[in-house]
Structure formats: C-alpha cells, structure tokens
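Participant: what follows is a predicted structure for the sequence shown.
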Amino acid sequence: MSEFILERNKTMYFDYFKVDKKQFFIKRILLILLFTIVYTLVYLQQQNILMLIGYPIAILAAYKLPYFQLISRKNKRDIINQYAFPTFLRYFVSLIETQGNVYKTLRAIVPYMHEPLKEKVQELVVKLEKDEESQRDAFMEFADYINSSDARMIIGIIYEFHQEGINKNDLKELESVVNELQNNKVNDLIEYKVNGMEKHATPIMIYALAYILGFAGIVMMVYFTSVNSLM
C-alpha cells in the first residue's frame, strides 16, 4: 500500500518494463481528463452537491491508475517466473550431461521455454557469448530477475559449473534441490488455487445476497404502493 502511495520504486519499474517516462506522464494526464469529464457528467445528471467531495478522489484515482497497473504487472510476472523457474531447472538438469557445458545447455533450453523467461534465457546466452569478464554479473542479473529466495543460490551453482566444469556430485545435489523446489511450487500452486477459489466465492455470495435483497425491496415497494392506491 505504501509503495502505491509513495511510488518509491517507480524508476525500477520504468527500467524493468522499459517504460517511456514522457508517455507515462501523458497517459496520466489523459486519464485525469477522462475521469474528470465522466465525473462532471455524472454530477450534472445527479445534481448532488455532496459529489463535489469526490472530485479529488476521482483525480487521484486517475493519476495513480497507471502506476497501479505497473505494480500489478510486476507482481504477475514475478509469480509467472517463480513457477517457470523449476521448469527451466528441470530442462537444465536433463540436458547438461548430453550438451557437455553450461553455455550449450542454456542455448538448447531456449526453444522449450515460454515468455517472459524465454527472453531472459536468450539474453543470458548472448551475454555469455560476448564478454567473459562480466559473465558472473550476467548470471546474477538472471537470478535477480527470477526474484526468489532460491534463485541466487542455484544460479551460483550453475555459474560454478560454467567456470569449473560439471561435477557429478554437485550435479546430483542440484538435481535434489530442483526436485524439492518443484514439489514446493506444486504445493504452493495448489494452495494458491484453493485460496483463490475461496477468495472469489465470497464476492459471488455477496452479489447474490445483494441481488436477493434488492429484488425483495422492489417487491415490497410495489406491494405497499398497490395498498396505498387502494386505500
């Protein structure tokens, strides 16, 4: 909530999604104008003086909406990457022995991956082709992109494979870590879906109750109107 209000990580989001600052500002202005026009039309129709209080709220909502969309996109991408990461590792463990080294394995993995992680794997492969001195940074940037507690440790092991060659014992250890991580993510996904069902069920019940009460209210109004007309 504080991030939504203070926008402390705005520069990070802009860099992450390659957002044009000028276009972002223009989008905010256009939304403020749109919200203002719509709210003014509603006010002119209702002629309720209390609605004037809502003007600042409508303008603030319009101003904050693009930033809220950025936060939502980042959160969604983080979730996708955290569930795609075990799949990436599974391919890596399966292909590393046949490919012979980390670079060839990463290159072989690319066709099997899906966006947005596929793009980052491709970027990592390109960086490994170009500059040997900054290869560790390239691996760590990839780990930071995954944005999970396990990523830096696991990618660190893969970097050691890249530098020192494949060690059978370390590869078995990595495979055990990958299996555990995959099992944890499956359990997390099940829990997430169950919680999602409960979360979505509550609004449906509320809407249904509101509909029933509203319908009952209309019936009662019609009934009392009919009684009054007869009297």
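Facilitator: Received, thanks.
Participant: mind listing the strands for this protein?
Facilitator: Counting by DSSP state E, the chain has no strands at all.
Participant: spatially central residue for it, please.
Facilitator: Lys76 (1.2 Å; Cα atoms, centre = their mean).
Participant: spit out the contact partners of that one.
Facilitator: By Cβ atoms under 8 Å, 6 or more residues apart in numbering, the contact list for Lys76 is empty. Placement of C-beta: from N, CA and C, glycine included.
Participant: swap in the one 5 residues further on?
Facilitator: Contact partners of Asn81, counting by Cβ under 8 Å, 6+ apart, are Pro116, Leu117, Tyr145, Ile146, Asn147, Ser148.
Participant: go again using 6 Å as the cut-off
Facilitator: Applying Cβ atoms under 6 Å, 6 or more residues apart in numbering, we find Asn81 in contact with Leu117, Ile146.
Participant: domains in this protein, by residue range?
Facilitator: 2-77, 80-189 (automatic domain parsing).
Participant: buried ones in stretch 1-17?
Facilitator: Using 16 or more other Cβ atoms under 10 Å as the test for burial, stretch 1-17 gives Lys10, Tyr13.
Participant: so how far does it reach from one end to the other?
Facilitator: Across stretch 1-17, the straight-line distance between its terminal residues is 21 Å, by Cα to Cα, to the nearest Å.
Participant: mean confidence score for that stretch?
Facilitator: For stretch 1-17, the mean pLDDT works out to 88.
Participant: give me the residues contacting that stretch.
Facilitator: By Cβ under 6 Å, 6+ apart, stretch 1-17 touches Tyr67, Leu70.
Participant: buried ones in stretch 124-140?
Facilitator: Across stretch 124-140, burial judged by 16+ other Cβ under 10 Å covers Leu124, Val125, Lys127, Leu128, Gln135, Ala138, Phe139.
Participant: quick one: end-to-end length of that stretch, please.
Facilitator: When the termini of stretch 124-140 are compared using Cα to Cα, they are 10 Å apart.
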